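[1] return atomic coordinates for the entry below.
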Amino acid sequence: MRMRLLLSLVLLASTTAASAQEKISPCAWRTARAFSEELNKSELSDKIKHCSVTCLVTIECSRFSARTLGWAKEFADLLGMGQAEIADLAANELGIDLALKGRATSAPECRSACALYY
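    Presented below is the predicted three-dimensional model:
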């Protein structure tokens with residue numbers, strides 16, 4: 001798992017932040033931006049926010065869009081725009097999984113389901 005994660009980070013690092021952003025769908029940007037603004041007004045943990053956003057992006061857009069968005073965010077953090085953490089990627093994957101398994105079907109359900117884990 002760690003080797004796969006490391007290889008993925010290396011592959012992602014081989015692209016520029018701009019090219020990574022270009023690969024993210026407009027749906028993912030729109031959904032994430034709107035939901036992030038709402039979440040940032042709350043006292044939720046960073047992991048709940050990661051999980052919730054990727055959950056909703058998966059529901060509204062696609063699993064690929066959610067995963068790409070999550071990786072792009074962590075890549076931007078590696079470049080100094082934040083604090084990159086492997087745990088953020090795990091929270092993103094949980095959000096995707098919750099959406100795909102139908103355990104969350106809306107923004108409030110994503111937030112509630114993610115809060116059960118974090």
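
[2] show the subsequent helix or strand relative to the helix or strand bottoming out on mean pLDDT in the chain.
    In the chain, no helix or strand scores lower on mean pLDDT, DSSP states H and E than helix 17-22, which sits at a mean of 48. Later in the chain than helix 17-22, the nearest helix or strand by DSSP states H and E is helix 26-40.

[3] quick check: buried residues in that next one?
    28, 29, 31, 32, 35, 36, 39 (16 or more other C-beta atoms under 10 Å). All C-beta atoms are positioned from the backbone trio N, CA, C, and that covers glycine.

[4] ok, stretch 39-50 next?
    In stretch 39-50, counting by 16+ other C-beta under 10 Å, buried: 39, 44, 47, 48, 49, 50.

[5] just flag the most distant two among the residues you listed.
    Farthest pair in the buried residues of stretch 39-50 (C-beta to C-beta) is 39 and 47. Separation: 11.6 Å.

[6] pull the helix or strand hosting residue 93 out as PDB, backbone CA atoms only.
    Secondary structure from DSSP H and E places residue 93 in helix 86-100. The C-alpha coordinates for helix 86-100 follow below in PDB (Å, rounded to 0.1, in the frame of the first residue of the first chain):
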ATOM      1  CA  ILE A  86      -1.400  10.700   3.800                       C
ATOM      2  CA  ALA A  87      -4.300  10.600   6.200                       C
ATOM      3  CA  ASP A  88      -6.100  13.200   4.000                       C
ATOM      4  CA  LEU A  89      -5.900  10.700   1.100                       C
ATOM      5  CA  ALA A  90      -7.300   8.000   3.300                       C
ATOM      6  CA  ALA A  91     -10.200  10.300   4.300                       C
ATOM      7  CA  ASN A  92     -10.800  11.000   0.600                       C
ATOM      8  CA  GLU A  93     -11.000   7.300  -0.200                       C
ATOM      9  CA  LEU A  94     -13.500   6.800   2.700                       C
ATOM     10  CA  GLY A  95     -15.700   9.600   1.200                       C
ATOM     11  CA  ILE A  96     -15.600   7.900  -2.200                       C
ATOM     12  CA  ASP A  97     -16.400   4.500  -0.600                       C
ATOM     13  CA  LEU A  98     -19.400   5.900   1.400                       C
ATOM     14  CA  ALA A  99     -20.900   7.400  -1.800                       C
ATOM     15  CA  LEU A 100     -20.300   4.300  -4.000                       C
END
